[in-house]
Structures are given as structure tokens and as C-alpha cells.
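Colleague: Next input, structure requested:
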Amino acid sequence: MNEVLDKIKADALEFMQEVDDLKALEEIRVKLFGKKGSLTDALKGLGTLPKEERPAMGQMINDVRAELEELVAKKQKELSTEAMQQALQTETLDVTMPGKKAYELGKKHPMTLVIDELKDIFIGMGYEVAEGPEIENEYYSFDALNIPKTHPARHDQDTLYTKEGFVLRTQTSPVQVRTMENQKPPIKIIVPGRVFRKDEVDATHSPMFHQLEGLVVDKGITMGDLKGTLSIFARELLGEKVKTRFRPHYFPFTEPSAEMDVSCFGCDGAGCRICKGSGWIELLGCGMVHPKVLSMCGIDPEVYSGFAFGMGLERAAMQRYNITDMRLLYENDVRFLRQF
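Modeller: Alright, predicted model coming up:
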């Protein structure tokens, strides 16, 4: 056994003098200390020795093992240091070069930017943000808004049903009704969200778009409050130079009703393809809340009055960012979206 240990030690010392890389050193370590290594085999061979010789021989094997483990560790440190020095000499780092991005950060979609901006404007004017379901029943979608089944206005919006009695909302007005049913005046809310209609796709229309509606109900609310609020809103959104005008219109849920136009961003009122030569672009519809709507929501129209307004947010985004075709907002072309 002594001769075996002397040979194991001598061979190990010879191998470690010749080894010149960490991979080869690891192979030597495994041959010495691994499950099938030479020192491991020597320990297993103790069982063949007489009982009185085993303690001394076991101690000798452990001493050789400790000595070789120390030598391997020392050699490993030397080779690691040499490898580091070689890497420092052969590999260079230009600290002036820009770093590589692990991934590209995304940005907010222009529609999200506009919605956030509109929220900030109206919250600054004391409004709260309300939300509601996109799939509504007929009562909240039409009946509660003074649009019964026999009303002609219903056929213009009575479009995308999921099943009998339920429809993809054509406007966010049902949220106004739900708010008036569950909250006593004063009420001052805005309702942003997606809506769905059977519009043909073109530069200014889409069957799915975003809308923001507003509702104010309190004592003594007049048409003057409505015009003043929306004029301030238009200037905050589109700049101090924007012009507004109100045209008489008809909505079943407001009386009197109006459309508010803003001066065209494409031609500044001179007339172009975007405004179809008129110099104006329709931005929103508005009016005083119909007394019948107030009554159906449990609010006394003799005591309270209110105004409401609604706008398509895509048109607001087009105005805000000088976009000439609504379809760009939905095509997901990163060349377009990167601009925002």
C-alpha cells in the first residue's frame, strides 16, 4: 500500500508540473479524488488489510490526500491568475462605446396619451372619472336615454348584439345613467371608454373607436355653463388660438342640443381635404340633459338641471397630433407609433 501511495503522489506531482490550463487540472483532480479516483480506490482497499494495520494506513492516505488537495488548490489559483492576466492583455474594452440595450422600452400609444391628457384637463376642473361595462342591455343603451324601440335614432346605433337584449355599447352614455341612478346631485363626471358602431372605415370613421362623455347635474346649471366649460376645454387641448362654434343639433337625450366645431388644424380654417373644404371639424356633441332622462333616473327636473357632452377621442388625437388618417391609429405600424 505504501508503494501505491508513493506512486499516486509522484504521478500527481509530475502531472501538476506539466499542466498549463484549468481544464487539464480539473481532469487531474477527478482522477485523484473522484468516485473512481486513485485515492478513493486506496481508501476502498483498506478493507483488504489486517485490522491492526488499517488505522495507520488510513491516516497515511488522508495525509497524502490533504497534501495533494493543497497542491491542486495552489495550482488552480496560479492558473486562474495567469488566465486573468492573459485576458486583460488580449481583451480590450472601449468605455466610450454606448451600452447594448437588453430590450427596447415601449411608449404610450397616442390614444392613451390623449385620454390621459383629457383626464388631466377635466380632473383639474373638478370632474371625477367614471367607468362602466362595454356590453350593455337595451335599457341602459337606449330606453333610459329617451330612445325607445320606435325611435328613428335607435336604428342609427342599434348595431352589434351579442345575444337578445345585450349590445356592444354605441356610446358611453349608459355610464351617465348608472351614475345618476346611484348618486345624488351634484354630479360632475367624465366617462372615457371604447364604443362600437356600424361605421364604414375611412380617414375619419371606424366601427370601433374611443369616446369621452361628460355629465354635470346640479341646481341652476345652464347652457352658458356648457359653452364656457367646452370652450375652456378646447383651448386647453388644442391651444389658445383654436376657434369654436356651436351649431343647433338634435339628440334624444338632450334638449336643447348642439354640435361643437373647432377650427381645422390642417388648413387653419381655409378649407382642405380633412375638413372637406369647410374650415371646421366637428369635435363633439352636447346639450342640456333632457328632463325625461333626469326623471327616469330618479332626479327631479324641476329642482335640478344639467348638461352633457360626448366626443370621439380619435378626432381629438388627430387634432392634437396633426394626424390626417384615423386608420393610422389602429394599423400598429411602429414607424408611425415611434413618433409619439
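Colleague: Got the domain ranges for the protein?
Modeller: The chain is divided into the following domains under automatic domain parsing: 2-90, 110-337.
Colleague: wait, which of those domains is closest to residue 101?
Modeller: domain 110-337 (15.6 Å; CB to CB). To be clear about C-beta, it is placed using only N, CA and C from the backbone, and glycine gets the same treatment.
Colleague: Over the closest one, what's the mean pLDDT, rounded is fine.
Modeller: Domain 110-337 shows a mean pLDDT of 88.
Colleague: Between the two ends of it, how far is it?
Modeller: Start-to-end span of domain 110-337 (CA to CA, to the nearest Å) is 8 Å.
Colleague: Mean neighbour count, the domains of the chain: which tops it?
Modeller: With neighbours taken as mean count of other CB atoms under 10 Å, the domains of the chain reach their highest mean count in domain 110-337, at a mean of 17.
Colleague: Wait, residue 218 touches residue 183, no?
Modeller: No. Under the criterion of CB atoms under 8 Å, residue 218 makes no contact with residue 183, lying 12.0 Å away.
Colleague: could I get the domains of the chain as a markdown table with distance to residue 100?
Modeller: Listed next are the domains of the chain as a markdown table, based on distance: least, CB to CB, whole Å:
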| stretch | distance to residue 100 |
| --- | --- |
| domain 2-90 | 20 |
| domain 110-337 | 20 |
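Colleague: which stretches of the stretch 51-200 of the chain form helices?
Modeller: 54-90, 110-124, 138-141, 152-157, 173-182 (DSSP state H, counting those that start in this stretch).
Colleague: And for the stretch 201-340 of the chain?
Modeller: Ranges of helices within the stretch 201-340 of the chain are 223-238, 291-296, 313-321, 334-337, based on DSSP H, counting those that start in this stretch.
Colleague: for those, which one sits closest to residue 282?
Modeller: helix 313-321 (7.6 Å).
Colleague: Run the chain-centre distance for that closest one.
Modeller: On the basis of CA atoms, centre = their mean, to the nearest Å, helix 313-321 is displaced by 20 Å from the centre of the chain it belongs to.
Colleague: and that helix, what other elements does it pack with?
Modeller: Packing contacts for helix 313-321, counted by 3 or more CB pairs under 8 Å, 6 or more residues apart in numbering; DSSP states H and E, involve helix 110-124, strand 208-218, helix 223-238, strand 280-289.
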